[in-house]
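Chemist: Sequence below, structure please.
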Amino acid sequence: VVAFALPFMRSDLSIKFPKWIPNILGLHDQIRKWILEAAKIPVGDQHLLNIIVQLFRDKEFVVGTAIAVFSITFPAGKIVICGFIVFGRGWLGEARERKVLRALELTAKWSMADVFIVGLIIVFFKAEGFHFRMVAAPGLYAFAGSAIISAIAVATAKKLLVADLQSAPASPTVAAPDEH
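Modeler: Here you go, the predicted model:
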């Protein structure tokens, strides 16, 4: 949640003009402003949720969906599943606990997608031919921290659930009727 409230990154664009383009009447600032507006280059504080919304506004549905799924849906899913494991142990029943464990293993396979998303956002903000600078902001560190904490929580929850399932008595099986 903190990763969404804090700026994810700060970006700025500086242009080194050739000497033959004079800075008369603020021409350099006007050109920079025009480039930012024409190219829709975001500068300043960038929030993860705003990045996702802007991608959808720009009809970048595949990228927007990928970032939303891997930075919102999967982490939220892992939190819910870990909650079921920690708070639902014992009353879920062995069959449901096994399903929760399978769901946890499925989300764990996609846990490195968080790193991919950060890389994807950085590529999204690249502006070739200009000096586009991006500086990590507190939200990026919160996002990275939540990914690490999430990985630890998933590993701990999985260990608890596996231990519970291994110590549970074997489920009684129903014997097939004799065919004599």
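
Chemist: Output the lowest mean pLDDT helix or strand found in this protein.
Modeler: Least confident helix or strand, the chain: helix 113-124 with a mean of 61, by mean pLDDT, DSSP states H and E.

Chemist: So Leu27, which state does it fall into?
Modeler: helix (DSSP: H, G, I helix; E, B strand; the rest coil).

Chemist: burial count for it?
Modeler: 12 (other Cβ atoms under 10 Å). Using the backbone N, CA and C atoms, a C-beta is placed for each residue, glycine as well.

Chemist: Likewise for Leu160?
Modeler: As a burial measure, Leu160 scores 14 neighbours (other Cβ under 10 Å).

Chemist: what does the helix or strand hosting Arg102 rub up against?
Modeler: Secondary structure assignment for Arg102, by DSSP states H and E: helix 94-109. With contact meaning Cβ atoms under 8 Å, 6 or more residues apart in numbering, helix 94-109 is reached by 74, 77-78, 81-82, 84-85, 88-89, 92, 154, 157-158, 161-162, 164-165, 168, 171.

Chemist: please redo it, this time with the cut-off set to 7 Å
Modeler: Under the criterion Cβ atoms under 7 Å, 6 or more residues apart in numbering, residues 74, 77-78, 81, 84-85, 92, 154, 157-158, 161, 164-165, 168, 171 lie in contact with helix 94-109.

Chemist: Quick one: buried ones out of these?
Modeler: Taking 16 or more other Cβ atoms under 10 Å as the criterion, what is buried in the contacts of helix 94-109 is 74, 77-78, 81, 84-85, 92, 154, 157-158, 161, 164.

Chemist: mind putting the residues you listed in JSON lines, distance to Lys59 and secondary structure included?
Modeler: Output for these, formatted as JSON lines (distance: Cβ to Cβ, whole Å; DSSP: H, G, I helix; E, B strand; the rest coil):
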{"residue": "Phe74", "distance to Lys59": "24", "secondary structure": "helix"}
{"residue": "Gly77", "distance to Lys59": "27", "secondary structure": "helix"}
{"residue": "Lys78", "distance to Lys59": "30", "secondary structure": "helix"}
{"residue": "Ile81", "distance to Lys59": "33", "secondary structure": "helix"}
{"residue": "Phe84", "distance to Lys59": "37", "secondary structure": "helix"}
{"residue": "Ile85", "distance to Lys59": "39", "secondary structure": "helix"}
{"residue": "Leu92", "distance to Lys59": "43", "secondary structure": "coil"}
{"residue": "Val154", "distance to Lys59": "34", "secondary structure": "helix"}
{"residue": "Ala157", "distance to Lys59": "38", "secondary structure": "helix"}
{"residue": "Lys158", "distance to Lys59": "39", "secondary structure": "helix"}
{"residue": "Leu161", "distance to Lys59": "42", "secondary structure": "helix"}
{"residue": "Asp164", "distance to Lys59": "47", "secondary structure": "helix"}
